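Student: Predicted model and sequence below, questions to follow.
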Amino acid sequence: MVYLLSLIILMAMEISQQPLVDTKTYHVKKIQETELSISGKGDSPLWKQANVLTDFAYPWESGEPPFTSFRALHNKDWLYCLYDVKDDNINVYVNTNDKSEVVHSDRVEIFFRKDNRMSPYYGLELDPLARILDYEAEYHRKFNDKWTWPSGQLIVKANRRKDGYTVEIAIQKKSLLQLGILNGNSIEAGLFRGNCVEIDLKDDKKIKWISWVKPASETPDFHIPSAFGVLMLED
């Protein structure tokens, strides 16, 4: 009986660590160059090699969202990501310039997790000023706001235009391995955008949420297992 119970627990753990069959997958092309120089503008010719993901939607709003695209590349040591956002009404809240101000601003987001138990998972929320709101969390919404990404292993640059902004991200694979995020060639990740239509410190309904994967929730919430897809790193 004890053996059977142990076997069931082991099988459940193994299943929980596997992506769902119908999980959305984005294939990350590999580049041979040792480094991709990021400027915040996404103007490196190497980005032309990346798959362009534009499959973003409003999970909780009607109509078509403003254009959002995501690209990613990787080499031996780095994972590179690029968001390109169309927005003719960029709102950025700046007071003390604390990283928490990102939650009241236009931003793009990428979440990482070890598995669908989300214990822990990690959030990167990045605004048009390249400010980084980084945190570690436990399911459900148990945040450690004092946590920061491993030092020296994350670079973020951004560029603001009249019609939108771009955010470039460079993440050392060493940190992804250290945090247990990179499993073989697979990374479980959520790709999101917060479209801030008006800065209101007391009303988060002023932000319209945009997502690659539609979470199984009737109310806005990206901090759940169904909000994630898979980044598959190609050889």
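Tutor: Cool, got the structure. Numbering: from 1, shown residues only.
Student: doesn't residue 81 fall inside a strand?
Tutor: Yes: counting by DSSP: H, G, I helix; E, B strand; the rest coil, one finds residue 81 located in a strand.
Student: For stretch 168-182, what is the spacing between the initial and final residues?
Tutor: 20 Å (C-alpha to C-alpha, to the nearest Å).
Student: Okay, buried residues for it please.
Tutor: Residues 168, 169, 170, 171, 172, 173, 175, 176, 179, 181, 182 are the ones in stretch 168-182 that count as buried (16 or more other C-beta atoms under 10 Å). C-beta: built from backbone N, CA, C; applies to glycine.
Student: ok, which stretches of the chain are strands?
Tutor: 25-30, 68-74, 78-86, 107-113, 121-126, 132-138, 142-144, 154-161, 164-172, 182-183, 186-196, 207-211, 229-233 (DSSP state E).
Student: contacts for the first one?
Tutor: Going back to what we said before, that points to strand 25-30. 19, 49-51, 53, 70, 72-75, 79, 191, 212, 229-235 (C-beta atoms under 8 Å, 6 or more residues apart in numbering).
Student: Return the distance of it from the chain's centre.
Tutor: Centroid separation for strand 25-30 versus its chain: 14 Å, with C-alpha atoms, centre = their mean, to the nearest Å.
Student: Can you tell me the strand partners of that strand and which way each runs?
Tutor: Sheet pairing for strand 25-30, assigned by DSSP bridges, gives strand 68-74 (parallel), strand 229-233 (parallel).
Student: Test my guess that residue 199 contacts residue 91.
Tutor: Yes: using C-beta atoms under 8 Å, residue 199 is in contact with residue 91, at 5.0 Å.
Student: and for those two, which residues touch both?
Tutor: residue 105.
Student: Find the residue at the geometric middle of this protein.
Tutor: For the chain, residue 110 is the residue whose C-alpha lies nearest the centre (C-alpha atoms, centre = their mean; 0.9 Å).
Student: hang on, isn't that one packed against residue 187?
Tutor: No: Residue 110 is not in contact with residue 187 according to C-beta under 8 Å; the separation is 9.8 Å.
Student: Show the backbone phi and psi for residue 60.
Tutor: phi -130, psi 20 (degrees, to the nearest 10).
Student: To residue 23, which of the strands paired with strand 25-30 lies closest?
Tutor: strand 229-233 (5.4 Å; C-beta to C-beta).
Student: Reformat the buried residues of stretch 168-182 into a markdown table and put pLDDT and distance to residue 153 next to each item.
Tutor: Below are the buried residues of stretch 168-182 laid out as a markdown table (pLDDT from 0 to 100; distance: C-beta to C-beta, whole Å):
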| residue | pLDDT | distance to residue 153 |
| --- | --- | --- |
| 168 | 98 | 15 |
| 169 | 98 | 11 |
| 170 | 98 | 9 |
| 171 | 98 | 7 |
| 172 | 98 | 4 |
| 173 | 98 | 9 |
| 175 | 98 | 4 |
| 176 | 98 | 9 |
| 179 | 98 | 10 |
| 181 | 98 | 12 |
| 182 | 98 | 12 |
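Student: and the two most separated of those residues?
Tutor: Greatest spatial distance among the buried residues of stretch 168-182 (C-beta to C-beta): 168 and 179, at 20.6 Å.
Student: ok, back up a step: can I get the buried residues of stretch 168-182 in JSON lines with distance to residue 129?
Tutor: Putting the buried residues of stretch 168-182 into JSON lines (distance: C-beta to C-beta, whole Å) gives the following:
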{"residue": "168", "distance to residue 129": "13"}
{"residue": "169", "distance to residue 129": "14"}
{"residue": "170", "distance to residue 129": "17"}
{"residue": "171", "distance to residue 129": "19"}
{"residue": "172", "distance to residue 129": "23"}
{"residue": "173", "distance to residue 129": "26"}
{"residue": "175", "distance to residue 129": "23"}
{"residue": "176", "distance to residue 129": "25"}
{"residue": "179", "distance to residue 129": "25"}
{"residue": "181", "distance to residue 129": "26"}
{"residue": "182", "distance to residue 129": "28"}
